[in-house]
Structures are given as C-alpha cells and as structure tokens.
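Trainee: got a structure for you, letters missing:
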C-alpha cells in the first residue's frame with residue numbers, strides 16, 4: 001500500500017478542481033490533477049529530451065507510483 005499525504009487547500013480551489021475533473025470527492029480530484037500533471041511532464045521530457053543524455057524521443061511509459 002502506498003503511503004498517503006494529506007494536503008490542505010482552499011475550499012474554492014477544491015471545488016474548481018472537482019468541477020474540472022468531474023469528481024465528487026476533492027481528494028480524488030486533486031489526485032487526478034497531480035497524476036495528469038506528472039504524465040504530461042514525462043511526455044514533454046520524452047519529446048524534448050535532456051541535452052545531457054542525448055535523448056530526444058523515447059518510449060513513453062505511463063506514470064506508475066512507487067510500490068512499497
């Protein structure tokens with residue numbers, strides 16, 4: 001089971017995130033937004049690559065939370 005972290009956010013922000021994601025649970029909504037952000041960041045990194053490693057494109061892997 002993954003370790004959980006509780007984060008407090010403004011109620012208006014929580015409602016906006018819930019509306020954006022179409023969920024009724026603020027925790028689920030924030031988790032969806034964070035996961036989407038991580039996946040997009042990985043895609044951007046895979047497309048642009050890191051000049052130091054010489055990688056410009058590669059196999060995209062979906063975000064998998066660490067097990068443990």
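Mentor: Great, that's in hand. If you're wondering where the values come from, they're calculated on a predicted model, not measured in any experiment.
Trainee: can you list the buried residues in stretch 7-16?
Mentor: Of all the residues in stretch 7-16, those buried under the rule 16 or more other CB atoms under 10 Å are residue 14. Backbone N, C-alpha and C define where each C-beta goes, glycine included.
Trainee: okay, how far is it across that stretch, tip to tip?
Mentor: Length of stretch 7-16, first residue to last, CA to CA, to the nearest Å: 16 Å.
Trainee: equivalent analysis for stretch 10-29, please.
Mentor: Using CA to CA, one end of stretch 10-29 lies 14 Å from the other.
Trainee: do a quick rundown of the strands in the chain.
Mentor: Assigned by DSSP state E, the strands in the chain number zero.
Trainee: below-threshold pLDDT in it: ranges please.
Mentor: In the predicted model of the chain, residues 1, 43-64, 68 satisfy pLDDT under 70.
Trainee: grab the nearest non-local neighbour of residue 30.
Mentor: Spatial nearest neighbour of residue 30, excluding adjacent residues (CB to CB, 6 or more residues apart in numbering): residue 17 at 5.7 Å.
Trainee: separation between that neighbour and residue 31?
Mentor: Separation of residue 17 from residue 31 (CB to CB, to the nearest Å): 10 Å.
Trainee: of these two, who's got more company?
Mentor: Counted by other CB atoms under 10 Å, residue 17 and residue 31 do not tie: residue 17 has more neighbours, with 19 against 14.
Trainee: can you pull the contacts of that one?
Mentor: Shown in contact with residue 17 (CB atoms under 8 Å, 6 or more residues apart in numbering): 26, 29-30, 33.
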